[in-house]
Every structure is written in C-alpha cells, then in structure tokens.
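# following is a predicted model, sequence given first.
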Amino acid sequence: MPLIPRLHLFEFIDQPWLPKLLRRGEVDYLRVVLDRMRPYDRVAPQLAELLRTAGTDRVVDLCSGSGGPWRTLLPALRAVHGGAEVTLTDLHPVPGQELPPGVHYRDTPVDATRIPEELTGVRTLFEGLHHFPPEQARALLADAAARGVPFAAFELTQRSLPHLLVQCLLIVPLVWGFTLLIRPTQWWRLVLTYLVPILPLLILWDGVVSSLRTYAPADLEKLTAGLGADGYRWSSGVHRAQGMVITYLIGQPGRPL
C-alpha cells in the first residue's frame, strides 16, 4: 500500500500546556482500549526472547502514559518468561494506576532521550516512537546501541490512506463507546465527551496525527543505518494478525547485558 509522506504535526498529548483533565481523559481512553483489545499480548514471545538473550528479567518501558499495554501484556509475558518485571516511565508520569504484580511506575519524570543510568534492562516503547522527529528518534536509538541495551518499539498506527479514513470514521464513535467502560465514572469525563465533545475531537486529532507521524519499516531502516557498533543489530517489519498490523523495531546487542 503506497504511503502518505510523513508529516510531523503537533499532538495535543505532547504539549506541556495541555490541561490535566484533558491529558487524563485521553490517556484513560487509550488505557481502556488497550485493556479491552489486548493487541500487544501477541508480542510476548518476542519480548521473552529479548530478555533471555540479554540475560535479564528487567524491562524499562518508555513513554508509558497510563501504563500502556502492561496490565495484560505482563501476565502474557510471564507465561513464557516467569521472572519478568517492568518499570514504567514517562515525561508526564501518571502514577496511581491499577497495575499487576511486577509492574512499577516511576513517579518522577523520565525523558526517553536522556534515560537515567540506574534504569537498566530491555527498553520498550509502545505507541511512542512516532512522537519523536527523526533526529531525536535516531538519538534515542543510538543511545540504546551505544550502551548495548536491547530495544523494542511497537506501533499500531499506519501511514496509509485506508487507515486514516478508518480512523476518521471510527474514532469518535469508539470514544463514545469506550468512555462508558472507564472506571471510576467521572462527571467531567462525561461532560467533555458527550455534552461538550472536546475529548472525542482531541483524540481524533491526535490519532490522525499519530498515523501521519508513524515510521514505516523502510523509515526505520534509514533511522538505524550506521547504528550497529560492536555487533549491535536492528530488525524491523510488521506483525499481521486478527485484522491488526503492528510495526516493530528490534535492537539487539552482540553481547549480554
């Protein structure tokens, strides 16, 4: 499928001035969608292999938002790698989430382009790589390669016209439907979704822009070109299953951690 040229437009969720209620409304919607649809459970074997070859049980998740897919993904990962544990990080952390045993949220801000030395383990990034323009994305990937740290990024969005058309048609009805599943029920969420529909329009904009920002496998090959010192190697591609397409980028060192 021919790709639309990549456009790095702004997303509201990236803006530090976004009001806390709107930020919380968007991340809560994304959380309930991931919890119900569980799209990333299928990458558990891939992550387990990264942990095994790296000789570690630790995962450091970047740009975690309200917890990403880990409420369902960690149990799936532990089914194939029993000792796995996850530290969630974000530039705008949202601690206090209900998380399964083995998942811990770091409540101080973490910039994914400047990761503290004490955060060691396999780095993961779900629905996050598109937030970075090419020069920042390459720097983020270069840091993983230079430190010899395994890295895995996954994205559901696609930079294609059919995907964008489906988003334009379905996102607002999906927000209306999934909002009823978010607990606890909050009056402000209902007002901003159904009475004054700011949240559906904000989520629609950010969803479309996320797709326009998405790196396709060919883009990922360009981003990682030359980032293979000391045997570090990169692979990228897509998983297709149950009507979903997941783009992935995997980085592996030539030696264990």
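Now that the structure is in, tell me what you want to look at.

# okay, now the unreliable bits of the stretch 101-250 of the chain?
Scanning the stretch 101-250 of the chain with the threshold set as pLDDT under 70 gives 241-242.

# nearest residue to the middle of this protein?
residue 126 (1.9 Å; Cα atoms, centre = their mean).

# so residue 59 makes contact with residue 47?
Yes: judged on Cβ atoms under 8 Å, residue 59 makes contact with residue 47 at a distance of 7.2 Å. No exception for glycine: its C-beta is placed from N, CA and C like everyone else's.

# which residues are common contacts for those two?
Residues touching both residue 59 and residue 47 by Cβ atoms under 8 Å, 6 or more residues apart in numbering: 84, 122, 124.

# most surrounded residue in those residues?
residue 124 (27 neighbours; other Cβ atoms under 10 Å).

# hey, where'd the helices end up in the stretch 151-257 of the chain?
For the stretch 151-257 of the chain, the helices defined by DSSP state H, counting those that start in this stretch cover 161-179, 187-190, 198-213, 217-224.

# including distance to residue 146 and mean neighbour count, could the ones you listed go into a markdown table?
Below are those laid out as a markdown table (distance: least, Cβ to Cβ, whole Å; neighbours: other Cβ atoms under 10 Å):
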| stretch | distance to residue 146 | mean neighbour count |
| --- | --- | --- |
| helix 161-179 | 34 | 15 |
| helix 187-190 | 43 | 13 |
| helix 198-213 | 25 | 20 |
| helix 217-224 | 13 | 17 |
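
# okay, the ones you listed in JSON lines with distance to residue 69 next?
Below are these laid out as JSON lines (distance: least, Cβ to Cβ, whole Å):
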{"stretch": "helix 161-179", "distance to residue 69": "15"}
{"stretch": "helix 187-190", "distance to residue 69": "22"}
{"stretch": "helix 198-213", "distance to residue 69": "16"}
{"stretch": "helix 217-224", "distance to residue 69": "20"}
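
# so which of these comes closest to residue 155?
helix 198-213 (8.3 Å; Cβ to Cβ).

# helix 161-179 and that closest one, what's the angle between them?
Relative orientation of helix 198-213 and helix 161-179, computed by axes from the mean of the first three to the mean of the last three Cα atoms, to 10 degrees: 150 degrees.

# which helices and strands does helix 198-213 pack with?
Judged by 3 or more Cβ pairs under 8 Å, 6 or more residues apart in numbering; DSSP states H and E, the packing partners of helix 198-213 are helix 20-37, helix 161-179.
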